[in-house]
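1. Here's my sequence, what's the structure:
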Amino acid sequence: MRLRRELVVVVVLLVIIGALVRTSAGRFVLPLVAVGVVASLGYLLFKTPAYSRTTFGPRRRILESTSSDTNATCVECGAPATTIRRYVREWVVLGVPVVLLDDGRNPVCDDHLD
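-> All right, here's what the predicted structure looks like:
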């Protein structure tokens, strides 16, 4: 559902840019948009990548952290959780996550860490 919403935003932006091309304001706005796109790509390329620089497409990763929630229980056995596993599915371009496709969290105890 998030992907559909972002696709609609991209299409609307392209329609607005297409309308600007036909006006005299497009001479000033389109170069600014181009500079903004180049600056954004430059920022993404110099940011520390979550994946290798050649990665492109949907990817999944798991992030682990210690549990600070005293009420969290293990999803496997119901014991008090010591670790929170957060999983994310992302669309990746040049090693940098661009779109979050899905995410969630699973609290687990020491016995079920694998």
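
2. Scan the helices and strands of this protein for the one with the lowest mean pLDDT.
-> Lowest on mean pLDDT, DSSP states H and E among the helices and strands of the chain sits helix 2-21, with a mean of 78.

3. and for that one, what are the contacting residues?
-> Contacts to helix 2-21, defined as CB atoms under 8 Å, 6 or more residues apart in numbering, come from residues 26, 29-30, 33, 91, 99-101. Bear in mind the C-beta positions are built from the backbone N, C-alpha and C, glycine included.

4. for the helix or strand hosting residue 107, which positions count as buried?
-> Using DSSP states H and E, residue 107 maps to strand 96-108. For strand 96-108, a neighbour-count test (16 or more other CB atoms under 10 Å) marks 96-97, 106-108 as buried.

5. Using CSV, list the CA coordinates for it.
-> Taking C-alpha atoms only, strand 96-108 is exported to CSV below (Å, rounded to 0.1, in the frame of the first residue of the first chain):
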residue,chain,number,x,y,z
VAL,A,96,20.9,2.7,0.0
PRO,A,97,17.3,1.9,1.1
VAL,A,98,15.0,4.2,-0.7
VAL,A,99,11.5,2.9,0.0
LEU,A,100,10.4,0.9,3.1
LEU,A,101,8.1,-1.9,1.8
ASP,A,102,7.4,-3.6,5.1
ASP,A,103,8.6,-3.7,8.7
GLY,A,104,7.8,-5.3,12.0
ARG,A,105,9.3,-6.3,15.3
ASN,A,106,9.6,-9.6,17.2
PRO,A,107,10.7,-9.8,20.8
VAL,A,108,12.6,-13.0,21.6
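
6. what is the orientation angle of it with helix 2-21?
-> With axes from the mean of the first three to the mean of the last three CA atoms, to 10 degrees applied, the angle from strand 96-108 to helix 2-21 works out at 160 degrees.

7. avg pLDDT for strand 96-108?
-> Mean pLDDT, computed over strand 96-108, is 87.

8. same thing with stretch 66-76?
-> 79.

9. now the end-to-end length of it.
-> Distance between the boundary residues of stretch 66-76 (CA to CA, to the nearest Å) amounts to 17 Å.
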